[in-house]
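Undergrad: Provided below for reference: sequence and predicted model.
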Amino acid sequence: MTHLDEVESLLKRSREFLETASYQANNGFYDLAAFSLEQSLQLFLKAKLIQNGVEYPRHRGVRTLMEILIKVLTDETKTLLKGILDKYLLELGMLEDAYVSSRYLTREFRKEEIEKLKEAVEAVMRNVR
């Protein structure tokens with residue numbers, strides 16, 4: 001698989017997880033929606049790292065992936081993404097918690113939390129293009 005193929009595959013799966021999260025949230029499956037949002041953003045960030053010539057770490061949270069990406073972006077995008085990371089730091093931390101809690105702990109999410117998490121995910125995706 002070429003780097004381009006891997007990027008396209010990761011972005012496709014990212015979009016599918018984002019769509020799945022919307023379906024889950026609309027049906028009241030908030031815990032699953034949080035997990036799907038985390039997966040969507042994680043795959044998106046890994047694709048962007050590959051596009052920028054960086055071999056991404058396999059097991060890292062979304063905040064770490066964003067920090068790595070910030071280091072390799074142009075100054076304008078770097079500043080923008082750093083601002084988004086700062087603005088959504090709590091939400092991004094909650095996404096990381098959603099990943100862990102989906103497997104090992106019981107953590108219930110509320111609709112309002114999912115809305116904030118989705119806003120954070122979409123803000124990152126919108127500004128890293």
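TA: Thanks, I have the structure now.

Undergrad: you'd agree A47 is up against K12?
TA: No - A47 sits out of contact with K12 when judged by Cβ atoms under 8 Å, with a separation of 9.3 Å. (Each C-beta comes from the backbone N, C-alpha and C, glycine too.)

Undergrad: More neighbours: these two, which one.
TA: Under the neighbour definition other Cβ atoms under 10 Å, A47 and K12 were set side by side, and A47 has more, 22 against 12.

Undergrad: Now do the same for the more buried one: its pLDDT.
TA: Here, the pLDDT recorded for A47 equals 96.

Undergrad: Can you list the neighbours in contact with the longest helix belonging to the chain?
TA: Across the chain, the helix with the greatest residue count (assigned by DSSP state H) is helix 3-26. With contact meaning Cβ atoms under 8 Å, 6 or more residues apart in numbering, helix 3-26 is reached by 1, 30, 32-34, 36-37, 39-41, 43-44, 46-47, 50-51, 111, 114-115, 118, 121, 125.

Undergrad: Give me the most central residue, the protein.
TA: For the chain, L41 is the residue whose C-alpha lies nearest the centre (Cα atoms, centre = their mean; 1.7 Å).

Undergrad: Now do it against T106, distance only.
TA: The gap separating L41 from T106 is 22 Å, by Cβ to Cβ, to the nearest Å.

Undergrad: For this structure, which segments are assigned as helices?
TA: According to DSSP H, the helices that the chain contains are 3-26, 30-51, 62-72, 75-87, 89-101, 111-128.

Undergrad: what bits of the protein have low per-residue confidence?
TA: Low-confidence segments of the chain, defined by pLDDT under 70: 102-103, 105.

Undergrad: 80 - rerun?
TA: Low-confidence segments of the chain, defined by pLDDT under 80, span residues 1, 57-60, 75, 101-106, 129.

Undergrad: coming back round to it: filter the contacts of helix 3-26 down to the buried ones and hand me the PyMOL line.
TA: Command for PyMOL, covering only those of those found buried under the criterion 16 or more other Cβ atoms under 10 Å:
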select buried, resi 30+32+33+34+36+37+39+40+41+43+44+46+47+50+51+114+118+121+125
